[in-house]
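*Asks:* With the input below, show me the fold.
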Amino acid sequence: MKPLLLVDGYNVIGAWDVPKKEHLSIDEARERLVHLIADYAGYSGEEVIVVFDGHYTDRTVRSHQAMHGVEVIFTKHAESADNFIEAQCAAAPKWRQVRVATSDSIEQTVTMGRGAVRISSREFLLELTQTRMTGRVRMQEEKISRGDIFSRLPPHQREIFERMRRGIDEEEEKEKKAAANAAAKAKQQPQAKNAKGTLQSAPNKPSPLGKVPARADEVSRRGGRTSRSRNG
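*Replies:* Below is the predicted model:
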């Protein structure tokens, strides 16, 4: 089971200077924060739940949403984010690592009493930035390393690996070329025209073992009659 990270969304936004500098609305700030946390979670390997307080809203039920691979909770009326996070800490097994990102002093005391580790909102924002930067650098280094290995291969080996990657077999490619050449030659063969002017296939040449020409046959028959008459 992955480590669990519970984030008090509005508490973190309150410690974040980006929404103020860029004049973001509360909806835009929420969306931006969830996007950053989702990117962070891909590098950290934690299960992340971001909780937004609905204590002072008219929402009658708690809502759950999956945004960018992160679970986002909006609590219902009369339920604070603190209440939800405390309940999650209490329900988690003792052997599971649980962290809570908040600067709420009361929540800090409660979560630590439940065995969770608390980090302040500013610490969490710094961790967000550092983890994302480290993860991207590592991915870029791995990409460059793979590219270097490929570039060091001889040209014929690179061609073989490229063929393997595309799934094209060399013999199959030769057969396709041969079939294409045969089709091209067939199109170039001359065709004769019949009396109506339409194209027809050229007649086959007579076989050397075919019928004897009519004139030769006639001479043979005449010769036979002549020899019979003399003998008679």
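*Asks:* Please enumerate the strands of this structure.
*Replies:* 4-8, 47-52, 63-67, 70-74, 98-101, 117-119, 192-193, 199-200 (DSSP state E).
*Asks:* What is the third one packed up against?
*Replies:* Based on contacts counted as 3 or more Cβ pairs under 8 Å, 6 or more residues apart in numbering; DSSP states H and E, the elements that strand 63-67 packs against are helix 26-44, strand 70-74. C-beta here means a position set from N, CA and C on the backbone, and glycine is covered the same way.
*Asks:* Pipe the ones you listed into JSON lines and attach mean neighbour count per row.
*Replies:* What follows is those, written out as JSON lines (neighbours: other Cβ atoms under 10 Å):
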{"stretch": "helix 26-44", "mean neighbour count": "18"}
{"stretch": "strand 70-74", "mean neighbour count": "21"}
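*Asks:* Lowest average confidence across the ones you listed, which one?
*Replies:* Lowest mean pLDDT of the helices and strands packed on strand 63-67: helix 26-44, a mean of 90.
*Asks:* packing partners for that helix?
*Replies:* strand 4-8, helix 9-14, helix 18-21, strand 47-52, strand 63-67, strand 70-74, helix 121-151.
*Asks:* shaky segments in this protein?
*Replies:* 106-110, 112-113, 135-172, 189-232 (pLDDT under 70).
*Asks:* on that earlier part again, any chance of the strands of the chain in TSV with distance to Glu28 as columns?
*Replies:* TSV is the format used below for these (distance: least, Cβ to Cβ, whole Å):
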stretch	distance to Glu28
strand 4-8	18
strand 47-52	14
strand 63-67	14
strand 70-74	15
strand 98-101	20
strand 117-119	25
strand 192-193	77
strand 199-200	72
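*Asks:* Between those, which one is closest to Ile85.
*Replies:* strand 4-8 (4.9 Å; Cβ to Cβ).
*Asks:* on contacts alone, who are the packing partners of the closest one?
*Replies:* helix 26-44, strand 47-52, helix 81-91, strand 98-101.
*Asks:* Nearest to Pro19 among the strands of the chain would be which one?
*Replies:* Per Cβ to Cβ, nearest to Pro19 of the strands of the chain: strand 47-52, 14.1 Å.
*Asks:* quick one: strands adjacent to the closest one?
*Replies:* Strand 47-52 has the following sheet partners, assigned by DSSP bridges: strand 4-8 (parallel), strand 70-74 (parallel).
*Asks:* Please name whichever of those strands is nearest to Phe124.
*Replies:* Among the strands paired with strand 47-52, strand 4-8 sits nearest to Phe124 (Cβ to Cβ), with 7.1 Å.
*Asks:* who touches the closest one?
*Replies:* 37, 41, 44, 46-51, 53, 81-82, 85, 88-89, 92, 96-102, 104, 107, 116, 121, 124 (Cβ atoms under 8 Å, 6 or more residues apart in numbering).
*Asks:* Would you list the buried entries among those residues?
*Replies:* By neighbour count, with 16 or more other Cβ atoms under 10 Å, the contacts of strand 4-8 hold 37, 41, 44, 46-51, 53, 81-82, 85, 88-89, 92, 98-102, 104, 107, 116, 121, 124 as buried.
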